[in-house]
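Visitor: just coords:
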């Protein structure tokens, strides 16, 4: 995730620039791939870089868009997710929106503290008794940690998902919450919304 909070006009301008750059790179590839003596591997790397940057921008924008009416702590959540990703520490952050999630999660430990990236990183530190469950965030407060979530049975593109990702999807199948997931195996940052999983940071 990025540290920049994108407004809609800035996002539209930036994504238009990326789309134009990607189209230009595709046009260049389409005109040069038949040239036997022309190695286009570098061109594919440039294209992949552009697509990844556009994807990161878009996923960050939409995540911010979904969260901003319900919490002012997007930057803090983003920073915590990045730090967890860098350390390969798994994380599961539930941001409650208009539908209360209390009836769908259980066995959490009350926290009752203001959202901070250091506290979130401490909660998800490996070996901490509550690091495996979900941490519930309501507005600007960490309500509880170590919560057990409902688990979905669905797969993503035919791939088997880990427990954290299945729990994130499972809760968003029942509520309008946004659940941010950090994989301890890959460091990948994703978020679940309306029963779907979206990658933020590969």
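Guide: Happy to help now that I have it. Every value quoted in this text rests on a predicted model; they were computed, and no experiment measured them.
Visitor: Do a quick rundown of the strands in this structure.
Guide: For the chain, the strands defined by DSSP state E cover 91-95, 109-114, 134-138, 141-147, 178-182, 189-193, 196-201.
Visitor: among these, which gets the worst mean confidence?
Guide: Of all these, strand 196-201 carries the lowest average pLDDT, namely a mean of 89.
Visitor: mind checking how far stretch 194-202 is from the chain centre?
Guide: With C-alpha atoms, centre = their mean, to the nearest Å as the basis, stretch 194-202 stands 6 Å off its chain's centre.
Visitor: mind listing what's buried in it?
Guide: The neighbour-count check on stretch 194-202 (16 or more other C-beta atoms under 10 Å) flags 197, 200-201 as buried. Glycine gets a C-beta too; all of them are placed from N, C-alpha and C.
Visitor: Endpoint to endpoint, stretch 176-189 covers what distance?
Guide: 19 Å (C-alpha to C-alpha, to the nearest Å).
Visitor: Then stretch 64-73?
Guide: 10 Å.
Visitor: OK, contacts around the residue nearest to the spatial centre of the chain?
Guide: Nearest residue to the geometric centre of the chain (C-alpha atoms, centre = their mean): residue 190, 3.0 Å. Residue 190 is in contact with 165, 168, 180-181, 183, 197-200, counting by C-beta atoms under 8 Å, 6 or more residues apart in numbering.
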